[in-house]
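*Asks:* Build me a model from this:
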Amino acid sequence: NKDYDAYLSYTKVDPDQCNQETRDEEHFALEILPDSCMLLAPSSIKTQPYIEDVARCVDQSKRLIIVMTPNYVVRRGWSIFELETRLRSVLASGDIKVILIECAELRGIMNYQEVEALKHSIKTLTVLKWRGARSSKLSSRFWKQLRYEMPFRRSEPLLGGH
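*Replies:* Reported below is the predicted structural model:
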């Protein structure tokens, strides 16, 4: 049984290289998504070695959410899922459903071809587009799609009910 709805993979923004767009992306990854889902984020990983901890956390999660920002693509944030054998096999086998959220237009960004190759290696993949203010309302298409892709939460059965 899995403990978390999803594991969240994103690139932490360097404060020295912060502009409005990267602040908005980090706000989305760290504040908006976790308020909407029960997530296990990298900040909750404290022990070493890091790759083993990520693999353990992914194992404890029903979904893997990868927030693809230009910064994440340039820094090759997804490479851990290619390099670690256990993680790569989980993605290829379909043991976990992957939700890839694209926060900006990524075509033309360095390493983008590798992102496309990653998409083709994931067996169970959904790609969602975050469109900033257009997507921020909970009634937007983005949130409807995300809720649909997340695990169904059963309400607790009524005691003594028939």
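*Asks:* By average pLDDT, which secondary structure element in the chain comes out worst?
*Replies:* The helix or strand of the chain with the lowest confidence, counting by mean pLDDT, DSSP states H and E, is strand 39-40 at a mean of 53.
*Asks:* which residues of this structure fall in strands?
*Replies:* Applying DSSP state E to the chain gives strands spanning 4-9, 39-40, 61-68, 97-102, 125-129.
*Asks:* shaky segments in this structure?
*Replies:* 12-27, 29-48, 50, 77-78, 82-83, 153-162 (pLDDT under 70).
*Asks:* ok, 90 please
*Replies:* 1-96, 100-123, 130-138, 143, 147, 150-162 (pLDDT under 90).
*Asks:* for it, what spans make up the helices?
*Replies:* Listed in chain order, the helices of the chain (DSSP state H) span 20-27, 33-36, 50-59, 70-74, 79-83, 85-93, 112-121, 133-136, 141-149.
*Asks:* Could you dump those into TSV with mean neighbour count and distance to L8 added?
*Replies:* For every residue, glycine as well, the C-beta is placed using N, CA and C. Supplementary listing: those in TSV, determined by neighbours: other CB atoms under 10 Å; distance: least, CB to CB, whole Å:
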stretch	mean neighbour count	distance to L8
helix 20-27	16	12
helix 33-36	14	6
helix 50-59	16	10
helix 70-74	20	12
helix 79-83	15	13
helix 85-93	15	15
helix 112-121	13	17
helix 133-136	13	17
helix 141-149	15	12
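*Asks:* Output these in a markdown table; the columns should cover distance to A104.
*Replies:* Output for the helices of the chain, formatted as a markdown table (distance: least, CB to CB, whole Å):
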| stretch | distance to A104 |
| --- | --- |
| helix 20-27 | 7 |
| helix 33-36 | 16 |
| helix 50-59 | 24 |
| helix 70-74 | 5 |
| helix 79-83 | 19 |
| helix 85-93 | 23 |
| helix 112-121 | 11 |
| helix 133-136 | 12 |
| helix 141-149 | 14 |
